[in-house]
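Asks: sequence below, structure please.
(one chain, ligands or ions: 2)
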Amino acid sequence: MAVVNETVRFDQMKDVKEFDYFKIGVKGLADSGITTIPSFFVQPPEILSDLKSFSSTCTEIPIIDLSDVNSDLHRPKIVEQIREAARTCGFFQVINHGVPVSVLDETIAAIKAFHEQPPEVKAEKYTREEGQSVMYASNYDMYRAKVAASWYDSLQVWMGPEAPKEEDIPAMCRKEVVQWDIHAKKVADTVFELLSEGLGLERGKFKELGFSDSRLFMGHCYPFCPQPDLTIGIRSHSDYALMAVLLQNQVPGLQIKHGDGWVDVKPLRGGLIINIGDSLQIISNDEYKSVEHRVLANSSKEPRISTVEFFHADNRNGSACFGPLPELLSPEKPAIYRNFTMKEFLEIFYTKGVHSKSLVKELKL
Ligand SMILES: O=C(O)CCC(=O)C(=O)O
Ligand SMILES: [Fe+2]
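Replies: Ligands and ions are numbered 1, 2, ... in the order given. Sure thing, here's the model as predicted:
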């Protein structure tokens, strides 16, 4: 049995690689007018049967208003809301975060425009190569293919701490990506402070640890899928990062796991989604939770566009060590995870790929 599966998997990998070779991306496939999807996009039965399940106990993720974040009177309440959301849901939306709606709209429009360029333009310039800081993944890339082909394309840019040369970012969306990075970092700084206080730590603790320095920007495009019941946008996974700031257009699709079911993260105009990643679950010694999420294949003609800014523990130094913060440990609350170096983090990241709670499972004592 295992041998058969391996063969199927091998053939699938071959097909995915071949598809990638032509670099038309999922967007190119959708635009070609196909009415059935290539077979390697069809997900296994256990994934398909789970697509329709929903949560019966929770219908929405928390929405947290940041307007009064600098008021001594209101801040403790906001810290409590963020702490509660990070402990339970792992996901929340922030509103009145200070980023003008025009900036959100410009970012989405620029990423949409990038993906709407002819496939040859994207393929020639932004093919993923190891060590490159900017890449356009026309679906297959070395870690995503380990899970399965899924119905989206993505532009990915390492923004910090050693930002790419500006000319390396596609001219098409350069101004907006750089602008978005600045705004997303500001929102993340505010949320990191609140999360830090929520653990009873100094407000500036996470900043001091460099939590908003290493940033990976992703601009995803989920084009129309002619058979959305047979495939998926992104398979269920949790993020490796400390935290992500996610912006989506008005096309739905993102879902988070809650109990045995799934909750839609409904587009909220002006809102920004914050997501706790595996790294922060570990560093907070399980106080905060990273939660599995997925994106359904897009059934609307309008593409779903999202941008995700991932904040990683500082990756400048491979021997830098991270783990549960000593301030949070006591005889009653011993460390649940072992420490890890950035080198080890990256190894797990590249070998496990898009997966559920990989880092958390790997580092559990
Ligand atoms: O597109 C989205 O809303 C989610 C993307 C995501 O989960 C990821 O890039 O890890
Ligand atoms: Fe994710």
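Asks: C-alpha from now on. contacts and neighbour counts both.
Replies: Will do.
Asks: beta-bridge partners for the one residue in the stretch 151-300 of the chain that gets nearest to ligand 1, please?
Replies: Closest approach between the stretch 151-300 of the chain and ligand 1, counting by C-alpha to the nearest ligand atom: Leu254, at 5.0 Å. With DSSP bridges as the criterion, Leu254 is bridged to Val295.
Asks: neighbours of it, how many?
Replies: The tally of other residues near Leu254 (other C-alpha atoms under 10 Å) stands at 21.
Asks: ok, now which ones touch it?
Replies: Contacts for Leu254 (C-alpha atoms under 8 Å, 6 or more residues apart in numbering) come out as Asp264, Val265, Lys266, His293, Arg294, Val295, Leu296.
Asks: what does Asp213 give?
Replies: Gly160, Pro161, Phe311, His312, Ala313, Asp314.
Asks: can you check Leu329 too?
Replies: Contacts for Leu329 (C-alpha under 8 Å, 6+ apart) come out as Ala335.
Asks: per-residue pLDDT of it, please?
Replies: With respect to pLDDT, Leu329 scores 97.
Asks: how close does it sit to Ala335?
Replies: Going from Leu329 to Ala335 by C-alpha to C-alpha, to the nearest Å gives 6 Å.
Asks: what does His293 give?
Replies: 26 Å.
Asks: likewise for Phe211?
Replies: According to C-alpha to C-alpha, Phe211 stands 20 Å off from Ala335.
Asks: again, but for Gly318
Replies: Applying C-alpha to C-alpha, the value for Gly318 to Ala335 is 22 Å.
Asks: please apply the same query to Glu292.
Replies: 23 Å.
Asks: which of the contacts of Leu254 sits closest to Gly219?
Replies: Lowest distance from Gly219 to those (C-alpha to C-alpha) belongs to Val295, with 14.2 Å.
Asks: quote the end-to-end distance of stretch 84-92.
Replies: Counting by C-alpha to C-alpha, you get 10 Å between the two ends of stretch 84-92.
Asks: the stretch 51-200 of the chain: helices as residue ranges?
Replies: Remark: helices assigned in the stretch 51-200 of the chain by DSSP state H, counting those that start in this stretch are 75-88, 101-115, 119-126, 171-198.
Asks: pick out the shakiest of the ones you listed, pLDDT-wise.
Replies: helix 119-126 (a mean of 68).
Asks: so what's the most centrally placed residue in the chain bridging to?
Replies: By C-alpha atoms, centre = their mean, the chain has its centre lying nearest to Val308, at 5.3 Å. Following DSSP bridges, Val308 is listed with bridge partners Met218, Leu246.
Asks: could you shift the numbering so residue one becomes 658, and keep it that way?
Replies: With the count now opening at 658, the last piece we talked about shows up as Val965.
Asks: for it, give me its contacts.
Replies: Contact partners of Val965, counting by C-alpha under 8 Å, 6+ apart, are Phe874, Met875, Gly876, His877, Ala901, Val902, Leu903, Leu904.
Asks: switch the cut-off to 10 Å
Replies: By C-alpha atoms under 10 Å, 6 or more residues apart in numbering, the contact set of Val965 is 813, 841, 872-877, 900-905, 930-932.
Asks: please apply the same query to Ala954.
Replies: Counting by C-alpha under 10 Å, 6+ apart, Ala954 touches 807-809, 879-892, 909-911, 961.
Asks: now, which of those residues lie within strands?
Replies: Judged by DSSP state E, the subset of these located in strands is Tyr879, Ile889, Gly890, Ile891, Arg892, Leu911, Arg961.
Asks: is the second one bridged to anything, and to what?
Replies: To tie it back to what came earlier, the one meant is Ile889. Here Ile889 sits in beta bridges with Leu953, going by DSSP bridges.
Asks: and the gap between the residue of the stretch 808-957 of the chain closest to ligand 1 and Met875?
Replies: Using C-alpha to C-alpha, Leu911 is found at 15 Å from Met875.
Asks: same thing with Leu1016?
Replies: Distance of Leu1016 to Met875, given as C-alpha to C-alpha: 20 Å.
Asks: who in this protein is up against ligand 1?
Replies: Within the chain, the positions near ligand 1 by C-alpha under 6 Å from any ligand atom are Asp896, Leu911, Ser963.
Asks: out of these, who's nearest Leu723?
Replies: Closest approach to Leu723 among the residues of the chain next to ligand 1 (C-alpha to C-alpha): Ser963, at 21.8 Å.
Asks: would Lys1018 count as being in a strand?
Replies: No - counting by DSSP: H, G, I helix; E, B strand; the rest coil, Lys1018 is located in no strand; its state is helix.
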